[in-house]
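In: Just a sequence and a predicted model for now, questions to come.
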Amino acid sequence: MPTTTTSVHLAQRPTGLPVEETWEIRRTELPDELEEGQFLVVVDYISLDPAMRGWLNDVRSYIRPVQVGELMRANATGTVTASRHPDFAEGQAVVGPFGVTEHAISDGTGVTAIDTQLAAPPTWLGALGMPGHTAYFGLHDVGELKSGDTVLISGAAGAVGSVAGQLAKAQGCTVIGVAGGTEKCQWLEEIGFDAAVDYKSDNVLKKLREIAPDGIDVFFDNVGGEILDAGLANLRRGARVVICGAISSYNETSLPPGPSRYLSLLVFRAKMQGFVVFDYADRYPEAVEKVGEHISNGTLTARETVLEGGVTAFNEALQGLFKGVNTGKLVLKV
């Protein structure tokens with residue numbers, strides 16, 4: 001067993017975008033021996049997710065905030081290198097909530113073995129991981145997706161949005177994505193989106209009305225703010241608005257204004273519902289199976305942006321997420 005490990009802990013709660021002073025880098029000793037029921041994982045990739053910013057706020061939410069001094073919460077992939085656990089053998093590839101660390105000792109809670117023949121480890125943090133689960137359940141269970149729907153995805157070039165759009169397309173829907181920049185919009189069209197709106201250069205509301213004059217049936221929103229308003233203004237009767245996230249406001253130091261177009265829900269007899277993927281934990285295998293089938297048959301392209309630098313580069317990598325450096329899933333290589 002290795003004798004030491006490097007990990008990232010919360011040093012102080014950030015105001016706005018996290019900075020280097022938000023974190024403490026620790027080098028700690030690992031125990032000489034594992035206890036019965038434990039196994040050691042050498043971490044290879046760490047997931048970077050917009051939800052991480054919310055976990056740093058000391059407020060009531062769907063999950064307990066990371067406490068000052070605690071290891072930063074994160075999903076990660078790795079390899080079991082020592083085990084006293086009956087369900088996890090040495091050499092096994094796994095994914096789980098190991099945190100921002102080089103090595104993790106686990107009792108198996110929340111940990112799953114992964115098949116690296118089906119997909120490389122970063123994909124198990126993206127399309128086959130939590131973002132893929134979020135896209136799958138958000139579309140089908142919350143959005144009540146039907147073949148023939150016109151679907152709008154914001155944050156469409158990100159980890160969740162790119163999977164959601166491709167799943168909708170595979171079900172026979174017309175899919176419109178909103179993303180930032182020409183390159184990302186071109187990529188969306190390459191992976192099957194029917195149209196892409198560049199919020200950096202287009203008038204989103206005007207463009208949506210040109211592309212979908214009859215309105216939107218399902219709006220899967222990852223962004224909030226002005227893009228949420230634009231989508232609400234272009235609904236169709238009976239539309240379903242899925243609130244997955246609001247990355248546009250996660251680093252704001254004051255509460256952003258609420259949606260100004262909310263009366264569209266009344267006019268179009270629509271509904272807007274938020275959801276948290278953790279509520280579907282007992283059905284994760286279903287999402288892995290369905291998304292995996294699409295990857296295997298070529299109807300879904302899984303893409304990851306992999307950053308180098310190891311755990312000490314975590315803050316820079318996290319900032320990159322909010323600056324839009326990624327196309328597809330953003331992961332940090334350890």
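Out: All right, it came through fine. Quick caveat: nothing in here was measured; it's all calculated off a predicted structure. Numbering: from 1, shown residues only.

In: use CA for all of it now, contacts and neighbours both
Out: Will do.

In: quick one, helices of the stretch 151-300 of the chain?
Out: 159-170, 182-190, 204-211, 225-232, 264-267, 284-296 (DSSP state H, counting those that start in this stretch).

In: Helix or strand: which one has H9?
Out: Assessed by DSSP states H and E, H9 sits inside strand 4-10.

In: State the mean pLDDT of that strand.
Out: For strand 4-10, mean pLDDT is 97.

In: just stretch 325-334 next, same as before
Out: Mean per-residue pLDDT for stretch 325-334: 97.

In: and what of stretch 267-281?
Out: Here the average pLDDT along stretch 267-281 is 97.

In: what about it, start to end distance?
Out: End-to-end distance for stretch 267-281, by C-alpha to C-alpha, to the nearest Å: 35 Å.

In: rewinding a little: please point out which parts of the strand holding H9 sit buried.
Out: Buried residues in strand 4-10, defined by neighbour count with 16 or more other C-alpha atoms under 10 Å: 6-10.

In: export those to CSV and tack on distance to T77?
Out: Formatted as CSV, the buried residues of strand 4-10 follow (distance: C-alpha to C-alpha, whole Å):
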residue, distance to T77
T6, 16
S7, 15
V8, 16
H9, 19
L10, 21
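
In: With respect to T79, which of the helices of the stretch 151-300 of the chain lies nearest?
Out: With C-alpha to C-alpha as the criterion, T79 lies closest to helix 284-296 of the helices of the stretch 151-300 of the chain, at 19.7 Å.

In: can you state the direction angle for the closest one and helix 159-170?
Out: Counting by axes from the mean of the first three to the mean of the last three C-alpha atoms, to 10 degrees, helix 284-296 lies at 70 degrees to helix 159-170.

In: how far does helix 284-296 sit from the chain's center?
Out: The chain centre lies 16 Å from the centre of helix 284-296; the measure is C-alpha atoms, centre = their mean, to the nearest Å.

In: helices or strands up against that helix?
Out: Applying 3 or more C-alpha pairs under 8 Å, 6 or more residues apart in numbering; DSSP states H and E, one finds that helix 284-296 contacts helix 130-137.

In: SS state for the residue nearest to A104 when sequence neighbours are not counted?
Out: Leaving aside its sequence neighbours, A104 sits nearest to V41 (C-alpha to C-alpha, 6 or more residues apart in numbering; 5.1 Å). Per DSSP: H, G, I helix; E, B strand; the rest coil, the local secondary structure of V41 is strand.

In: Verify the stated contact: V41 with G108.
Out: No: using C-alpha atoms under 8 Å, V41 makes no contact with G108, being 10.6 Å away.

In: So which of the two has more stuff around it?
Out: V41 (26 against 16; other C-alpha atoms under 10 Å).

In: ok, that one to Q273 distance?
Out: 38 Å.

In: who's in contact with the residue nearest to A104?
Out: Residues near V41 by C-alpha atoms under 8 Å, 6 or more residues apart in numbering: 78-82, 103-106.

In: For the residues you listed, pick the one with the most neighbours.
Out: G78 (26 neighbours).

In: is it true that that one touches V42?
Out: Yes: the pair G78 / V42 is scored as a contact, 5.3 Å apart, by C-alpha under 8 Å.

In: Now the common contact residues for these two.
Out: Common contact partners of G78 and V42 (C-alpha under 8 Å, 6+ apart): none.

In: after the strand holding H9 comes which helix or strand?
Out: strand 23-29.

In: Can you tell me how far the residue positioned nearest the centre of the chain is from E210?
Out: With distances taken as C-alpha atoms, centre = their mean, the residue of the chain nearest its centroid is P131 (3.9 Å). Using C-alpha to C-alpha, P131 is found at 30 Å from E210.

In: One more: R84?
Out: Separation of R84 from E210 (C-alpha to C-alpha): 61 Å.

In: Stretch 146-161 spans what distance, first to last residue?
Out: Note: stretch 146-161 ends 18 Å apart using C-alpha to C-alpha.
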